[in-house]
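S.K.: Prediction below, plus the sequence it came from.
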Amino acid sequence: MSRNTMRVALLAAGCAALAGCQTMHDTADSVGTAVSNGWNSLWGSSGNVAVAEVKPTQGNTVSGKVEFKQSGSVVRVKVDLAGFSPGSMHGFHVHERGDCSSADGMSAGGHFNPEGVAHGSFDHPPHHAGDLPNLTADDKGQVHTSFEVTYLSVGSGGSDVAGRSVVVHRDADDFKSQPAGNSGPRLACGVIVEK
């Protein structure tokens, strides 16, 4: 094989490799798009979204993110938090004011309750609009969960969460005690902002 033939062969191999890289990049983009489309077909590509960046109250370590995404009459709540004691259970609520400025989180006010009803379990009405399921930390002290509710909204209406706050409490909500389920002090708070 002549030296020129070898150069042409190497040049051709290099071009093929670069073309293959582009094809691999295109394939990765296609897979990412397919996953995104699958997510959107499941939860809807449109709909209002609001997010709370959750920060610890003084002396606590719980932090993370909570997302509210509306699709039709359903609001999907996605929770990603860390800093808990492993296996611990905590009350979790939407509170009436979008204010987490106080060291203890009390600036968020009480549970979001536009209808003025008694506190109760999120899955047995009547209950506050802010009543949500308890959160249970895994063995790493993290919570990664999601659930759906039909009694909240994002961006409009009397049950709109935007401009309010989410609060994580020290203890589990007993879903009975008035006015707030005996869930103890506030470990973390995040203002809910519409995106």
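M.R.: That came in fine, so what should we check first?

S.K.: so what does whichever strand or helix holds residue 79 touch, helix or strand wise?
M.R.: Residue 79 belongs to strand 74-82 when assigned by DSSP states H and E. Contacts defined by 3 or more C-beta pairs under 8 Å, 6 or more residues apart in numbering; DSSP states H and E place strand 74-82 against strand 63-71, strand 142-149. Placement of C-beta: from N, CA and C, glycine included.

S.K.: how big is the angle separating that strand from strand 63-71?
M.R.: Here strand 74-82 runs at an angle of 170 degrees relative to strand 63-71 (axes from the mean of the first three to the mean of the last three C-alpha atoms, to 10 degrees).

S.K.: What is the subsequent helix or strand relative to strand 74-82?
M.R.: Next element after strand 74-82 (DSSP H and E): strand 89-90.

S.K.: Mind giving me the packing neighbours of the following helix or strand past that next one?
M.R.: Going down the chain from strand 89-90, the next helix or strand is strand 92-95, by DSSP H and E. Strand 92-95 sits against strand 165-169, with contacts defined as 3+ C-beta pairs under 8 Å, 6+ apart.

S.K.: Just send the helices and strands packed on strand 74-82 back as a markdown table, with distance to residue 103 too.
M.R.: As requested, those are exported to a markdown table (distance: least, C-beta to C-beta, whole Å):
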| stretch | distance to residue 103 |
| --- | --- |
| strand 63-71 | 15 |
| strand 142-149 | 23 |
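
S.K.: Which among those is found nearest to residue 171?
M.R.: strand 142-149 (15.0 Å; C-beta to C-beta).

S.K.: Could I get the helices and strands packed on strand 74-82 in TSV, plus columns for distance to residue 194 and mean neighbour count?
M.R.: Formatted as TSV, the helices and strands packed on strand 74-82 follow (distance: least, C-beta to C-beta, whole Å; neighbours: other C-beta atoms under 10 Å):
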stretch	distance to residue 194	mean neighbour count
strand 63-71	9	20
strand 142-149	17	16
